[in-house]
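K.L.:
Sequence plus predicted model, see below.
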Amino acid sequence: MPHTGRYKSLRFRLTISYILIFGLLLTAIGITFRTRLMTIIQERVEEAVIEDWSAARGFLKVEREQAIWSVDPREMDRTVFLERLRRFVMVADAQGEVLEMSNGYRQQGVESAAEIRERFREGSPQLVVKEQGKDRVLLRYGVFRSEGKPYLLVVGRRMTDVEGLPNAFLSDYFTVLPLLLLVTGILGWFMAGRALMPVNKVAEAAQRISGSNLHLRIPRRFANDELEQMIVAFNTMMDRLSESFEQVRRFSTDVSHELRTPLTAIRGQLEVALMTAEKEEDFRDAIVNALEDVDRISNIVRALLLLSQAETGQLALHKDAVNLSEVVAELAEQFRTTAQESGVELEWNLDEDVYILGDRTQMDRLVTNLLSNALKYTPAEGHVLVEVRREMATGSAILTVADDGKGIPPESLPHIFDRFYRVPGEDPDKGLGLGLSFVNWIVKAHEGRLDVKSTVGAGTTFTVTLRIHQPEMVGDADSIPVAEARQ
Ligand code: ADP
């Protein structure tokens, strides 16, 4: 298995993605949370200062330029409350003269008389944040009247104490964050490992498959997920691959085997001629014999090429409505002379206009092969009967080629459709053993069925069953659209 670099592995990259996504997400959450907390706290402080101002206003009156806070000393709560209020307070008159100022207020800085007068002019209540070094103070300015004169009352609260909270939260949060990310990374690493385990298994299985063990398949997991689909697709691809591989292997074995015999024959004839021939005629004979064998080789090569093209799907079929009855009638007519010459009686019995959807050239080849076989393997005074029947019940077109010739031995029957198979003892000049391989392929390519029945000494019957093409329209050949399109 090719080594996957640690930093390029899917597992590593997935884990890094987890960590990055979580890191970004958690940082965003932390910052949003802090901002929100800060806003809420500021709002609360503002509300509290406004309330403080109103409360202070309730306790305060000015008599003879003196601020007087009136509360009944017996009311403990209010006394304590007022004391807290007065820790951060300032009262001034309209000329900018300070009437009262707490120590806390003084520390955060005192306004000049001009500033105070400015506040009087603005009049309406104001909230102001003042910064004094590290301290932040929220002040509430407001004008009130006492004994008919306007006075300025300022109440404040220190914000720094409460504002520390969100910042403390944020710093705690960011201290814990790397730990969280570490845990995420570890979890992510294991999760990615688990998720990718089947992928690694598939890769290992694929790695084990080579030319010599193409039958190996990746075990299925029956998980019904994407990976399962990949395994199924991979296995199907392997099926096709091993089939093609097997075909190529068979093809080369067949070819070398079949070509060896005629080649040896040619070599023998030519060598003998070279050593023993004396007259020109002897040489000529040897050459003629050799040429016959060369012809045989050419035939084999041509037929094999065609067959292998057919089996590997490179031979395109042009399917049209084909009148099977007509095809058989024409070919039977052509074979009549051959039959007569070999003393065999050839008869045909055809239902009219039985149409199928097929390739005309291949149909010709199919019928020719079956007919020529029947005539080849039937001795003189034998009979060959060709029939085309329409079977409406099953929608089938049935072609039978029956002879009462020598028949095929039962042990050979399963092999007659194999390439180059010939029943042992058969005259080598009679054929190449490829005809029935073609017939078999043509029937398959037309999704039909091929049956054979044979009894030694009694004869052989080949039956081809194909699907009828548009049976309701076959009455009139001209009405078949495909046939029209071809003209
Ligand atoms: P061949 O070129 O030898 O005819 P085929 O593939 O057409 O090759 O047939 C394979 C073998 O099947 C033949 O060699 C022959 O022995 C046998 N065979 C085919 N058709 C018949 C038949 N009608 N009667 C007897 N034997 C047959």
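P.N.:
Nice, I can see it.
K.L.:
CA atoms for contacts and neighbours, from now on please.
P.N.:
Fine.
K.L.:
Quick check: L357 is in a helix.
P.N.:
No - secondary structure assignment (DSSP: H, G, I helix; E, B strand; the rest coil) places L357 in strand, not in a helix.
K.L.:
Can you name the residues that contact it?
P.N.:
Neighbouring residues of L357 by C-alpha atoms under 8 Å, 6 or more residues apart in numbering: K319, D320, A321, V322, H446, R467, I468, H469.
K.L.:
Of those residues, which belong to strands?
P.N.:
K319, D320, A321, V322, R467 (DSSP state E).
K.L.:
so what's the second one bridging to?
P.N.:
Judged by DSSP bridges, the bridge partners of D320 are G358.
K.L.:
So it is in contact with G358, correct?
P.N.:
Yes - using C-alpha atoms under 8 Å, D320 is in contact with G358, at 5.4 Å.
K.L.:
What does the pLDDT read for F462?
P.N.:
Per-residue pLDDT puts F462 at 98.
K.L.:
That one and the ligand, how far apart?
P.N.:
8 Å (C-alpha to the nearest ligand atom, to the nearest Å).
K.L.:
L432 too?
P.N.:
4 Å.
K.L.:
ok, now which ones touch that residue?
P.N.:
I300, F420, R422.
K.L.:
Tell me the pLDDT of the last one.
P.N.:
I take that to be R422. On the pLDDT scale, R422 gets 87.
K.L.:
Ramachandran coordinates for it?
P.N.:
phi -130, psi 140 (degrees, to the nearest 10).
K.L.:
list the contacts for it?
P.N.:
R422 touches I416, L432, G433, counting by C-alpha under 8 Å, 6+ apart.
K.L.:
so the first one touches V423, yeah?
P.N.:
Yes - here I416 reaches V423: they are 7.5 Å apart, a contact under C-alpha under 8 Å.
K.L.:
tell me which element the nearest residue to E65 once chain neighbours are set aside is part of?
P.N.:
The shortest distance from E65 to any residue other than its chain neighbours is 6.9 Å, reached at L99 (C-alpha to C-alpha, 6 or more residues apart in numbering). When elements are assigned from DSSP states H and E, L99 belongs to strand 98-101.
K.L.:
Just the buried positions in the helix or strand that comes right after that strand, please.
P.N.:
Remark: after strand 98-101, the chain's next helix or strand is helix 103-107, criterion DSSP H and E. For helix 103-107, a neighbour-count test (16 or more other C-alpha atoms under 10 Å) marks G104, Y105 as buried.
K.L.:
I'd assumed V248 was in a strand, is it?
P.N.:
No - going by three-state DSSP, the assignment for V248 is helix, not a strand.
K.L.:
Compute the distance between it and the ligand, please.
P.N.:
Taken as C-alpha to the nearest ligand atom, the span from V248 to the ligand is 19 Å.
K.L.:
so how many other residues sit close to D427?
P.N.:
9 (other C-alpha atoms under 10 Å).
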